[in-house]
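# From the sequence below, what's the structure:
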Amino acid sequence: MLTNRFQSVNIFKFPSLIIDKLKLWSLVALAFFPLVDFLLRKIPFVGSIVGSVWDELIVVALATLAFGRFLMGARFEQLPYHQMLKAFILLGIAYLAVSLNSFGVDSEGFRAIYWYTFLAFILPYHVDRDLAAKLIRYVLYAGLIIGLHGVYQYVTKAPMPPGWVDAGETVRTRVYSVFGSPNIMGTYMIIIFPIAAGMAWASRTNRERLFFGFVALVTLASLVFTNTRGAQLALFVALVITSLLFDRRLFILVIVAGVAAMFVPQIQSRFLQLFDPLYWMKAAKDGRIYRWLTAYDVMRYNPFFGAGMGHFGGAVADRHFGTKYVDSYYFKTMAEMGLVGLLAMLALFGTIVRDLYRRIFKPLRARQDWPLLLGLFTSILAVLVQNAVENVFEVPAMNFLFWFIVTLTVILSGKKEETAE
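Predicted coordinates:
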């Protein structure tokens, strides 16, 4: 809960109406992150100047304003995961302090891991429950646009690299939209679909139910058209967990839907391939299994603290050392930060899930927006599961969206008075 211990002392004048409007539009731009990022990078001259830093400029500006409110005495309610996150950040700083001989690479690795985590401490100073609900809607609007683009790519048989299709497999196309990768597109869809479904369920008017139901349908179709097994399985696992926590009758419905999904040709062909010995031979030779084992071998040289942030398995390591992506954020973290870093990260994610469970499920039936909260919880779970088989957080849009949605969920699930003033 934000409070102001010095409400009668006007040390600073808060931003004018113009700055407040700019702040609002900045938050809206963040809600549309994938689209704004894609378009800015495509605009001549503008893309080379702000295309890669626009979001960082917004985060810095919001952090500066939040710090001003902090100095004036404003505070927000911190959950256990905030304390765990502080400890995880301090661990990253400690890694930097002991790696001064490769500080440049380690600092890049630190930024890739930690930059968007600071949203957990910044957004509560700017966003109340009403604004959080609006921002969630904007996230869904962006998801609809990208989902429709994915459906369009499928209908028009968008060209794709041959490496996206396994040997002996016949696929019409794998959609990728603004992300350039069907795996990341699939991850984005498993973020949007459960939120859209929850929003449709929670809506009070038929028009809104139809609209958000349409968003859910489009994003689910686009997920199928990505032909991404990992994302589809991650969504199913997240739905199973949420249904078990919420209502066993819903669990039966999820199982029935999962069985029915196996009769969809695109899904069936991809999952049946898992029973092909050739698939596992390729995975062990140069696929996911090979990369996971390689990450394990890297960790063995320094089991406690790893090779160093940015040194293996991600975008930073690829730029500096030419190492391949690990295709698992957890294996990548194990290689770079060792068992200490991996366990700290897993503890952080576990604390987030536990905090959200306590915040959402205990008073669930008393809230009118409980279906939306269930959808948000499922979305967060799905991303954490997907990270096991994909470097989801190596993509800035996905890393940002996770922490953005986690923070908005905390704000939405709080009591009415536990909001920004």
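# which residue sits closest to residue 112, ignoring its sequence neighbours?
Distance criterion Cβ to Cβ, 6 or more residues apart in numbering; nearest residue to residue 112, sequence neighbours excluded, is residue 316 at 5.6 Å. For the C-beta atoms, the positions are set from N, CA and C on the backbone; glycine is no exception.
# biggest helix in the chain by residues?
helix 329-360 (DSSP state H).
# What residues of that one count as buried?
Judged by neighbour count using 16 or more other Cβ atoms under 10 Å, the buried positions of helix 329-360 are 329-338, 340-342, 344-345, 348-349, 351-353, 355-356, 359-360.
# What is the burial count for the residue nearest to residue 112?
25 (other Cβ atoms under 10 Å).
# likewise residue 86?
Counted with other Cβ under 10 Å, residue 86 comes out at 14.
# one step back: name the element the residue nearest to residue 112 belongs to?
Counting by DSSP states H and E, the element that carries residue 316 is helix 315-321.
# list the buried ones in that helix?
315-317.
# Would you agree residue 32 is in contact with residue 138?
Yes. Using Cβ atoms under 8 Å, residue 32 is in contact with residue 138, at 6.2 Å.
# Neighbour count for those two, which is higher?
Between residue 32 and residue 138, residue 32 has the larger neighbour count (other Cβ under 10 Å), namely 19 against 16.
# what sits against the more buried one?
138-139, 141-142 (Cβ atoms under 8 Å, 6 or more residues apart in numbering).
# again, 10 Å this time
Neighbour list for residue 32: 38-39, 135, 138-139, 141-143, 145-146 [criterion: Cβ atoms under 10 Å, 6 or more residues apart in numbering].
# helices and strands around the helix or strand encompassing residue 234, which ones?
Element membership for residue 234 (DSSP H and E) is helix 229-246. Counting contacts by 3 or more Cβ pairs under 10 Å, 6 or more residues apart in numbering; DSSP states H and E, helix 229-246 packs against helix 182-202, helix 206-226, helix 248-261, helix 265-272, helix 329-360, helix 370-386.
# Report the buried residues of that helix.
So for helix 229-246, counting by 16+ other Cβ under 10 Å, buried means 229-243, 245-246.
# got the CA coordinates for it in CSV?
Extracted in CSV, the C-alpha atoms of helix 229-246 (Å, rounded to 0.1, in the frame of the first residue of the first chain):
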residue,chain,number,x,y,z
ARG,A,229,5.4,-27.8,-28.9
GLY,A,230,7.1,-26.2,-25.9
ALA,A,231,4.6,-23.3,-25.8
GLN,A,232,1.6,-25.5,-26.3
LEU,A,233,2.7,-27.9,-23.6
ALA,A,234,3.6,-25.1,-21.3
LEU,A,235,0.1,-23.6,-21.6
PHE,A,236,-1.5,-27.0,-20.9
VAL,A,237,0.7,-27.5,-17.8
ALA,A,238,-0.2,-24.1,-16.6
LEU,A,239,-3.9,-24.7,-17.2
VAL,A,240,-3.7,-28.0,-15.3
ILE,A,241,-2.0,-26.4,-12.3
THR,A,242,-4.5,-23.5,-12.2
SER,A,243,-7.5,-25.7,-12.5
LEU,A,244,-6.3,-28.0,-9.8
LEU,A,245,-5.8,-25.1,-7.5
PHE,A,246,-9.2,-23.6,-8.4
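# from the chain's centre, how far out does that helix sit?
15 Å (Cα atoms, centre = their mean, to the nearest Å).
# Kindly calculate the angle that it makes with helix 248-261.
160 degrees (axes from the mean of the first three to the mean of the last three Cα atoms, to 10 degrees).
# quick revisit: name the nearest of the buried residues of helix 315-321 relative to residue 63.
In terms of Cβ to Cβ, no member of the buried residues of helix 315-321 lies closer to residue 63 than residue 316, at 22.6 Å.
# For the helix or strand encompassing residue 20, buried residues please.
Secondary structure from DSSP H and E places residue 20 in helix 17-31. The neighbour-count check on helix 17-31 (16+ other Cβ under 10 Å) flags 23, 26-27, 29-31 as buried.
# which strands and helices sit next to that helix?
helix 33-42, helix 54-71, helix 129-155, helix 396-412.
# how much distance is there from the last one to the middle of the chain?
The one in question is helix 396-412. 7 Å.
# now the shortest one
Averaging C-alpha positions (Cα atoms, centre = their mean) puts helix 33-42 17 Å from its chain's average.
# about what we covered before: would you tell me which one of the helices and strands packed on helix 229-246 is buried the most?
Highest mean neighbour count of the helices and strands packed on helix 229-246: helix 182-202, a mean of 26 (counted as mean count of other Cβ atoms under 10 Å).
# tilt between it and helix 396-412?
Using the same axes, to 10 degrees: helix 182-202 against helix 396-412 is 20 degrees.
# CA-only coordinates of helix 182-202, as PDB, when you get a sec.
Provided in PDB are the C-alpha atoms of helix 182-202 (Å, rounded to 0.1, in the frame of the first residue of the first chain):
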ATOM      1  CA  PRO A 182       7.800 -19.100 -34.000                       C
ATOM      2  CA  ASN A 183       9.000 -20.200 -30.600                       C
ATOM      3  CA  ILE A 184       8.800 -16.700 -29.200                       C
ATOM      4  CA  MET A 185       5.600 -16.000 -31.100                       C
ATOM      5  CA  GLY A 186       4.200 -19.100 -29.300                       C
ATOM      6  CA  THR A 187       5.400 -17.800 -26.000                       C
ATOM      7  CA  TYR A 188       3.700 -14.500 -26.600                       C
ATOM      8  CA  MET A 189       0.400 -16.300 -27.400                       C
ATOM      9  CA  ILE A 190       0.500 -18.300 -24.200                       C
ATOM     10  CA  ILE A 191       0.900 -15.000 -22.300                       C
ATOM     11  CA  ILE A 192      -2.100 -13.400 -24.100                       C
ATOM     12  CA  PHE A 193      -4.500 -16.300 -24.500                       C
ATOM     13  CA  PRO A 194      -5.300 -17.000 -20.800                       C
ATOM     14  CA  ILE A 195      -5.500 -13.300 -19.900                       C
ATOM     15  CA  ALA A 196      -8.000 -12.800 -22.800                       C
ATOM     16  CA  ALA A 197     -10.000 -15.800 -21.800                       C
ATOM     17  CA  GLY A 198     -10.100 -14.600 -18.200                       C
ATOM     18  CA  MET A 199     -11.100 -11.100 -19.300                       C
ATOM     19  CA  ALA A 200     -13.900 -12.500 -21.500                       C
ATOM     20  CA  TRP A 201     -15.100 -14.500 -18.500                       C
ATOM     21  CA  ALA A 202     -15.000 -11.500 -16.200                       C
END
